[in-house]
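**Q** Sharing a sequence plus its predicted fold:
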Amino acid sequence: MSMTNDEHNDPLDPAEGMNECLQANHHVAKLAMGGSIVLAPFDATRVNLKILDSGTSDETGYWLTDFQKSLAQPDTCTMIGFDITHERFPDPPPKGIELKVQDVLRPFPDSWLGTFDLVHQRFVLAAAAAKGRESVLGLCSLVKPGGWIQLVEMQSTVGEDDGPAVHQLVELVNELHVKIGAPRNLADLAVLERHVRAAGFQRVGTMLAPGTLGAKVPDPNFRELALKSSLDSAAGLLEANKTLPGGLQ
């Protein structure tokens, strides 16, 4: 894959490169989840659904635009994505999608409380650091009775066939989590389920998805981009660890 601009033959700007990496991460997660991005028994055929994506992140609200395709009557549905800054939001936003500025650790608008049929969050808990429980409870407060919340996080573990580079990458992630006050393993199943149950949810379950990184991604269409995403993530983690107290161990 060429990482140049075809018209000017210049390197991709950082924002565009980040968008590509985030979209690659989306596809990698989707592959790990068997081609689905919602595993809750959610009825997407209903009308007037209200759906929220926390930490929308990339420029196009990629999770939202992908899930929108699975809705039977998307024109009747409300789809909202939020992130802590508007800097990556396109103007205008994708059709049928609202993008809002909101901090997951700040109070949500009263008009959101208890109104969403589905609340989704992926790879955001690290940003909450030591306040993971508060952030999960806040998101749970947005779900209407009978609705669903889906939280997706990466377990800080490696497989038997993973090489030393993957071991080092995962250890960088773990080290960064500890330094910012987050749990070493954000996807601790007992902890996440305990948070959700504390919010009053009854049907709580967990699925372990066999995710892959970089060159091990099974889809050849995204393998090179996934590899670049892993390398960029490693570089960012190195710099982040160096800037925190104690430096890189």
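**A** Thanks, I have it. Numbering: from 1, shown residues only.
**Q** Tell me what residue 122 is bridged to.
**A** residue 152 (DSSP bridges).
**Q** residues contacting it?
**A** By CB atoms under 8 Å, 6 or more residues apart in numbering, residue 122 lies in contact with 29, 55, 63, 151-153. The C-beta positions use only the backbone N, C-alpha and C, and glycine is treated the same way.
**Q** Let me know the closest of the residues you listed to residue 97.
**A** For these, the residue nearest residue 97 by CB to CB is residue 63; the value is 10.3 Å.
**Q** okay, the closest one: pLDDT?
**A** Here the pLDDT value assigned to residue 63 is 92.
**Q** Run through the chain and note the low-pLDDT ranges.
**A** Low-confidence segments of the chain, defined by pLDDT under 70: 1-18, 58-60, 237, 240-241, 244-249.
**Q** Which strands or helices does the longest helix along the chain pack on?
**A** Looking across the chain with DSSP state H, the single longest helix is helix 220-243. Secondary-structure packing of helix 220-243 (3 or more CB pairs under 8 Å, 6 or more residues apart in numbering; DSSP states H and E): helix 14-32, helix 164-179.
**Q** Following the chain onward from the last one, which element is next?
**A** Right, the one you point to is helix 164-179. Per DSSP states H and E, the first helix or strand lying C-terminal to helix 164-179 is helix 189-198.
**Q** buried residues in that next one?
**A** 192, 195-196 (16 or more other CB atoms under 10 Å).
**Q** From the chain's centroid, how far away is that helix?
**A** Computed by CA atoms, centre = their mean, to the nearest Å, the separation of helix 189-198 from the middle of its chain amounts to 18 Å.
**Q** What of stretch 65-73?
**A** That offset, for stretch 65-73, works out to 18 Å (CA atoms, centre = their mean).
**Q** And for it, what's in contact with it?
**A** 26, 30, 37-38, 44-47, 49, 51, 74, 77, 79, 94, 96-97, 120.
**Q** at 7 Å instead, please
**A** Contacts of stretch 65-73 with the rest of the structure, by CB atoms under 7 Å, 6 or more residues apart in numbering, involve 37-38, 44-45, 47, 49, 74, 77, 79, 94, 96-97.
**Q** Ends of that stretch, what's the gap?
**A** Stretch 65-73 has an end-to-end distance of 14 Å (criterion: CA to CA, to the nearest Å).
**Q** mind listing what's buried in it?
**A** So for stretch 65-73, counting by 16+ other CB under 10 Å, buried means 65-68, 71.
**Q** Thanks again, I'm all set now.
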